[in-house]
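Undergrad: Sequence plus the predicted model coming up.
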Amino acid sequence: MKFATKAIHAGQHPDPTTGAVMTPIYQTSTYWQKSPGEHKGYEYSRGTNPTRKALEDCIAALENGKYGLAFSSGMAATDTVLRLLKPGDEVITGNDLYGGSYRIFTKVFEKFGIRFHFLDLSKPSIIKEHSNANTKLVWVETPTNPTMQIIDIEAVAKEAKAAGALLVVDNTFASPYLQNPLDLGADIVMHSVTKYIGGHSDVVMGALITNEETLYKELFFYYNAVGGTPGPQDSFLVLRGIKTLHLRMKAHCENGRQVAAYLKKHPRIEKIYWPGFEDHPNHEVAKKQMRDFGGMISIVLKDASLQDTFEVASRFKVFSLAESLGGVESLLNHPATMTHGSIPKEVREKVGVVDNLLRLSVGVEDIEDLLEDLEQALG
């Protein structure tokens, strides 16, 4: 099956009772058993639910994976992966991360004796320099949030394997439409389903996908035992949204390309981060492992103070100043005070997350309206 066909059909079969084409919302907590332990595959909806199972199978298929798990948020999915570790274990991760990931690493799991190394993973050989017998996990975002670093997944996978560590790739910014990390050697793919997969800014959800049965069973244990699973209504909404993922991503990419070209020439812009530019570091890697370059763009305003940046951010009319990304509507974010506010100033500024940086999630509106909005806000 090709991507669009999988997005519409994978994991979703006509309802055996009614023939309903769209997977019903199975709004039930428990299931009838003919005798103790003899059931139809479902016992209690914390563990599994037919609506959620259809979504998990669909997302797994889009990532060319065998096993999928859906969570109540991307952070619940992240938490579940980290529960595979024990005190004394070490994690190698990037130096440009979503603020929520940095927060759960440093504020939650470090106090349980897990050590994290925040490195420039655009140079995969750095993994060998910092790995040892305790290195159990390599956690990668690519493109990174918000400076759009591109990490060579295949090269990192080789380094992680040599170190005896699992490789997890946060594929949120690319979505399964643009990039499939399992095909490049990753062990687990993580998504904030809230973003491009859901695509309509109406659901908070996360997901994990893997091809390894033993790993899936370990993850499922924590998934069920801890209980950070989504309900059937949210699962239904994402199933509906995922059917247009391929169409939305094409529009995001096309609008993103035009917005990036416009901003690169704008006199108010000091720096622009978008992996589609030939002069972007690791552009060739992006070309190799991505099918297109996406709709995420970050800009640094020239000679702008924090107050100047706030004023510009507040002038947008089509772009909405809000958290999150990946919805059909265009969003604008100030990472230093919003998504990355939990990262100390001196840490985030080392990788370019400065006070005059804005992150754009380019939506699928008419491009003329987006360019006009940028012109009036920056003008």
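TA: Arrived safely.
Undergrad: Contacts for whichever strand or helix holds residue 57, please.
TA: Counting by DSSP states H and E, the element that carries residue 57 is helix 50-62. Outside helix 50-62, the residues that touch it by CB atoms under 8 Å, 6 or more residues apart in numbering are 1, 3, 6-7, 10-13, 23-26, 42, 45, 66-70, 176-177, 191, 193, 197, 207, 209, 229-232, 235-236, 238-239, 242, 245. C-betas here are computed from N, CA, C, even on glycine.
Undergrad: Of those residues, which belong to strands?
TA: 67, 68, 69, 70, 191, 207, 209 (DSSP state E).
Undergrad: okay, those in a markdown table with distance to residue 379, pLDDT and neighbour count next?
TA: Formatted as a markdown table, the ones in strands among the contacts of helix 50-62 follow (distance: CB to CB, whole Å; pLDDT from 0 to 100; neighbours: other CB atoms under 10 Å):
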| residue | distance to residue 379 | pLDDT | neighbour count |
| --- | --- | --- | --- |
| 67 | 50 | 98 | 19 |
| 68 | 46 | 98 | 24 |
| 69 | 47 | 98 | 25 |
| 70 | 43 | 98 | 27 |
| 191 | 37 | 98 | 30 |
| 207 | 40 | 98 | 27 |
| 209 | 44 | 99 | 30 |
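Undergrad: any idea which of these is closest to residue 114?
TA: Nearest to residue 114 among the ones in strands among the contacts of helix 50-62 is residue 69, at 21.4 Å by CB to CB.
Undergrad: tell me which residues form a beta bridge with that closest one?
TA: In this entry, residue 69 is beta-bridged to residue 208, by DSSP bridges.
Undergrad: Run a quick neighbour tally on the residue nearest to residue 77 when sequence neighbours are not counted.
TA: Distance criterion CB to CB, 6 or more residues apart in numbering; nearest residue to residue 77, sequence neighbours excluded, is residue 206 at 3.4 Å. A count of nearby residues for residue 206, using other CB atoms under 10 Å, gives 25.
Undergrad: was I right about residue 206 contacting residue 68?
TA: No - with contacts counted by CB atoms under 8 Å, residue 206 stays clear of residue 68, the gap being 11.2 Å.
Undergrad: By mean pLDDT, which helix or strand of the protein comes out lowest?
TA: helix 345-350 (a mean of 93; mean pLDDT, DSSP states H and E).
Undergrad: Emit the ChimeraX select command for whichever of the contacts of helix 50-62 are buried.
TA: Typed into ChimeraX, the line below selects the buried ones among those, using 16 or more other CB atoms under 10 Å:
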select :3,6,7,10,11,12,23,25,26,42,45,67,68,69,70,176,177,191,193,197,207,209,229,230,231,232,235,236,238,239,242,245
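Undergrad: Report the mean per-residue pLDDT for stretch 91-109.
TA: Averaged across stretch 91-109, pLDDT comes to 97.
Undergrad: can you give me the strands in the stretch 101-250 of the chain?
TA: Per DSSP state E, counting those that start in this stretch, the stretch 101-250 of the chain carries strands over the ranges 115-119, 135-141, 166-170, 188-192, 206-210.
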